[in-house]
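In: sequence plus the predicted model coming up.
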Amino acid sequence: MSDAATYICVASNSVGPDLVPTTTILWVISDLRFTVPLNNRVLVKQDNFQMKCEVTSNPPVTIEWFADGQKLVRQNNHVDWSTTIDKIEGGEFATTSTLYVTNSVVDDTGLYQCFASNIHETAMSAASVFISSVLEFEEVHFITPDKMYVEDGHTGSVSCGAQGSPKPDVSWIGLDGRKYTSTTEESTQGLASTVKLSFPIGPLYLNETGKYTFTCLAKNQHRGIEYSKIREIEVIVGYPAVWVNGTWPVVEATKGESSVLLCQFTGIPTPVVTWKRNGVNLPIVDDNGKANHVIQKDGALLISKAGNSDHTMFTCIGTNGFNSAPKDIEVIVAKGVMSVGEASGLSIGIILLILLIILAMILLYRHQRKRKKVDVAVSNGNGIDSVYANCKAAEILKEEEEAKRLAEEERLKAEQRRKEEEERKKREQEEAERIRREAEEAERLRIEEEERLRKEAEEKARLEAEEKARLEAEEKARREAEEQEKLEAELQAKREAEEAEKLRLEEEERMRKEEEERLRLEAEEKARLEAEEKARLEAEEKARLEAEEKARLEAEERARLEAEEKARLEAEEKARLEAEEKARLEAEKAEEAERLRLEEEEKARLEAEEKARLEAEEKARLEAEEKAR
């Protein structure tokens, strides 16, 4: 930095010095850096605040202020700023800009940015400012219930939250006693922010079921007070409910008889089995306190007496805290054996009909016998016998007519009894249908009554919530009125202080304008120097570019020559390798011919030796024979 100065070059020879010396200004550039960065602020409306931005650099910088990406403009008695430039040790410049915001409002909340730039670089420092109308904070609360379920070998999650203005920071203390923060969910309603923190536990296994203690912490940035909440949560490790066996998917039941619907679930904890018929919970208790459907200990449903209303869809549901697993079972009710009353009535009618048929056959038989006797008597008889036979025939005919009449009366009575039995059965069916309709109507009325009570409870809860909200609004309005009165009193005192502050600011404004004039002159001088520096840099850049172009052309020429030399060497090397390969192949060919020659000589030698051996053996054999002979 100490080398930064204005240098003058004077040339001279034996004749004398140069009448026009050359002047050069040397700038030693230093990096732009923030020595006083911006800090986050949390305030209440009508508070005054300042933000100071200090930058060290060479050459000096120009500072501009932005809020939420928009360039700030001066507003009388609300937004203003001042900037100073001082030369410090080492030849650098310290540029300081202070932003003044008077009588802040909620709309002043945002991200404030200080941009510093010179001819070489630009840098930025930023900070958040939060302006609240009312400071409030609610204690931390747990969102997770007292009991939670975690599947074996999996990870669970505990959630807690806090609400306040400004937004609270939420953290938690793990089972190892250390403090953690995690990914949060945030929402805003009005000025209050709600922060939800979910932190993992596990993975957990079956033998780790038990009660665990969790601690959730929340801290408000403005008050700096840390709230904590401790919750003991029972963690149950297991498996969801899964259907494993039972009656499915269609069951046939006999009308009037009992039937059992099986349904088994597995899971940890053991699932609780409940039943529904057409979406209505079972069992349904009648007016006498009796239920036609009973849920047994193993979860099976016993239908004591199957009826037409059971010809529908039943649903068994296994629930164990992890889930509710439904399974549908269709029940088909078929007509079976008649009831005792129906059977007895039908049996009596059949017996009477058989008796009537037997009686009619007996009377017909007797009538035929008597008629035959009369015919015989008439054919054989005299006058007295004829009269007697005629009388007897008349009596027989009379008895026959009486028997027919009695048979007809018995038939009519049996028909009447049959009709009465049918009427009785019809009345019983109508009575059963009426009872079923009354039961369905009673169930419908019960559901409607439950719905009415539920709606009344919801309406009551809504009215209570509205009343609570109204009371809270009134309380809030009262607090705000009190706060307003307090603020007005403070405002009066503030106005008096502001009047004095205004006088001070006017004096500072006068001094600031003088400073700005001085800075303007310095800036003009700086601009002139920067123009000269720019011209010098452009000349240097041009020379550098020309030198780079020359070096590039030389490098290309050198690369071309190297490539040609490399190609020549590669061609020579290739020719040498081809000659060596050819010589090697010819040598191998000669070696192969020599090897074949040697093999032929060896073969001829062996054949000659074998031939000599055979001749010697033959000669020896002949000599031996000759000797023997």
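Out: On my side now, so go ahead.
In: direction included, what does the helix or strand hosting residue 171 pair against?
Out: Using DSSP states H and E, the element containing residue 171 is strand 169-173. With DSSP bridges as the test, strand 169-173 is paired with strand 179-180 (antiparallel), strand 210-219 (antiparallel).
In: most tightly packed of those?
Out: Of all the strands paired with strand 169-173, strand 210-219 has the most neighbours on average by mean count of other Cβ atoms under 10 Å, namely a mean of 17. Every residue, glycine included, has its C-beta placed from N, CA and C.
In: any idea how far that one is from the middle of the chain?
Out: 24 Å (Cα atoms, centre = their mean, to the nearest Å).
In: partner strands of the very next helix or strand once past that strand, with direction?
Out: Where DSSP H and E defines the elements, the next helix or strand beyond strand 210-219 is strand 226-246. Using DSSP bridges, the strands paired with strand 226-246 are strand 147-151 (parallel), strand 210-219 (antiparallel), strand 263-268 (antiparallel).
In: of the ones you listed, which is nearest residue 606?
Out: Residue 606 sits nearest to strand 147-151 of all these, at 88.5 Å, using Cβ to Cβ.
In: show me what the helix or strand just after the closest one is packed against.
Out: Counting by DSSP H and E, the next helix or strand C-terminal to strand 147-151 is strand 156-165. Packing partners of strand 156-165 (3 or more Cβ pairs under 8 Å, 6 or more residues apart in numbering; DSSP states H and E): strand 136-137, strand 141-142, strand 147-151, strand 169-173, strand 192-201, strand 210-219, strand 226-246.
In: in strand 156-165, what's buried?
Out: For strand 156-165, a neighbour-count test (16 or more other Cβ atoms under 10 Å) marks 156, 158, 160, 161, 162, 163, 164, 165 as buried.
In: mind listing what it pairs with, with the direction of each?
Out: strand 136-137 (antiparallel), strand 141-142 (antiparallel), strand 192-201 (antiparallel).
In: least reliable of the strands paired with strand 169-173 by average pLDDT, please.
Out: Confidence, taken as mean pLDDT, is least for strand 179-180 of the strands paired with strand 169-173 (a mean of 68).
In: still on that earlier bit, pipe the helices and strands packed on strand 156-165 into JSON lines and attach distance to residue 507 per row.
Out: Compiled in JSON lines, the helices and strands packed on strand 156-165 are given as follows (distance: least, Cβ to Cβ, whole Å):
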{"stretch": "strand 136-137", "distance to residue 507": "40"}
{"stretch": "strand 141-142", "distance to residue 507": "53"}
{"stretch": "strand 147-151", "distance to residue 507": "66"}
{"stretch": "strand 169-173", "distance to residue 507": "42"}
{"stretch": "strand 192-201", "distance to residue 507": "42"}
{"stretch": "strand 210-219", "distance to residue 507": "42"}
{"stretch": "strand 226-246", "distance to residue 507": "44"}
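In: any idea how far residue 236 is from residue 50?
Out: Counting by Cβ to Cβ, to the nearest Å, the gap between residue 50 and residue 236 amounts to 57 Å.
In: for residue 32, that is, sorry about that
Out: Counting by Cβ to Cβ, the gap from residue 32 to residue 236 is 60 Å.
In: again, but for residue 547
Out: 79 Å.
In: out of the two, which sits in the busier spot?
Out: Neighbours were counted for residue 547 and for residue 236 using other Cβ atoms under 10 Å; residue 236 has more, 18 against 10.
In: my guess is that one meets residue 146, correct?
Out: No - in this structure, residue 236 is not within contact of residue 146 by Cβ atoms under 8 Å, at 11.4 Å.
In: quick one: low-confidence residue ranges for the stretch 451-600 of the chain.
Out: Under the criterion pLDDT under 70, the flagged ranges of the stretch 451-600 of the chain are 457, 461, 493, 497, 500.
In: if we use 90, what do you get?
Out: The model of the stretch 451-600 of the chain has pLDDT under 90 over residues 451-568, 570-575, 578-584, 586-595, 599-600.
In: by contact count, what packs against whichever strand or helix holds residue 577?
Out: Residue 577 is part of helix 383-628 when elements are defined by DSSP H and E. Under the contact definition 3+ Cβ pairs under 8 Å, 6+ apart, helix 383-628 sits against strand 22-26, strand 79-87, helix 340-380.
In: residue 525 and residue 518: what is the separation?
Out: For residue 525, the distance to residue 518 - Cβ to Cβ - is 11 Å.
In: wait, I meant residue 305
Out: Applying Cβ to Cβ to residue 305 and residue 518 gives a distance of 108 Å.
In: how about residue 470?
Out: Distance from residue 470 to residue 518, by Cβ to Cβ: 63 Å.
In: and if you look at residue 275?
Out: Taking Cβ to Cβ, one finds residue 275 at 93 Å from residue 518.
In: also residue 129?
Out: Residue 129 is 31 Å from residue 518, by Cβ to Cβ.
In: same question for residue 537.
Out: 27 Å.
In: poorly predicted segments of the stretch 51-200 of the chain, please.
Out: The stretch 51-200 of the chain contains residues with pLDDT under 90 at 57-61, 68-69, 73-78, 86-93, 103-110, 118-124, 127-200.
In: could you redo the last one with a cut-off of 80?
Out: 76-77, 89-91, 132-145, 161-169, 172-200 (pLDDT under 80).
In: quick one on the thing from earlier: got JSON lines for the strands paired with strand 226-246, with distance to residue 365 too?
Out: Output for the strands paired with strand 226-246, formatted as JSON lines (distance: least, Cβ to Cβ, whole Å):
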{"stretch": "strand 147-151", "distance to residue 365": "87"}
{"stretch": "strand 210-219", "distance to residue 365": "95"}
{"stretch": "strand 263-268", "distance to residue 365": "66"}
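In: wait, which of these is closest to residue 565?
Out: Comparing the strands paired with strand 226-246 under Cβ to Cβ, the one sitting nearest is strand 147-151, at 73.7 Å.
In: can I get the closest one in PDB? Just the C-alpha atoms.
Out: Output of strand 147-151 as PDB, limited to C-alpha atoms (Å, rounded to 0.1, in the frame of the first residue of the first chain):
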ATOM      1  CA  LYS A 147     -49.100 -42.800  23.800                       C
ATOM      2  CA  MET A 148     -47.400 -43.500  20.500                       C
ATOM      3  CA  TYR A 149     -46.900 -46.600  18.400                       C
ATOM      4  CA  VAL A 150     -43.700 -47.500  16.600                       C
ATOM      5  CA  GLU A 151     -43.400 -50.500  14.200                       C
END
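In: and the helices and strands packed on helix 383-628, which one is worst for confidence?
Out: Looking at the helices and strands packed on helix 383-628, the weakest mean confidence is helix 340-380, a mean of 64.
In: surely residue 323 and residue 239 touch.
Out: No - using Cβ under 8 Å, residue 323 is not in contact with residue 239; the gap is 9.8 Å.
In: compare these two (neighbour count), which wins?
Out: residue 239 (17 against 14).
In: tell me the contacts of the more buried one?
Out: Residues near residue 239 by Cβ atoms under 8 Å, 6 or more residues apart in numbering: 151, 152, 266, 267, 268, 322.
In: mind redoing it with 6 Å?
Out: Shown here is residue 239, whose contacts under the criterion Cβ atoms under 6 Å, 6 or more residues apart in numbering are 267, 268.
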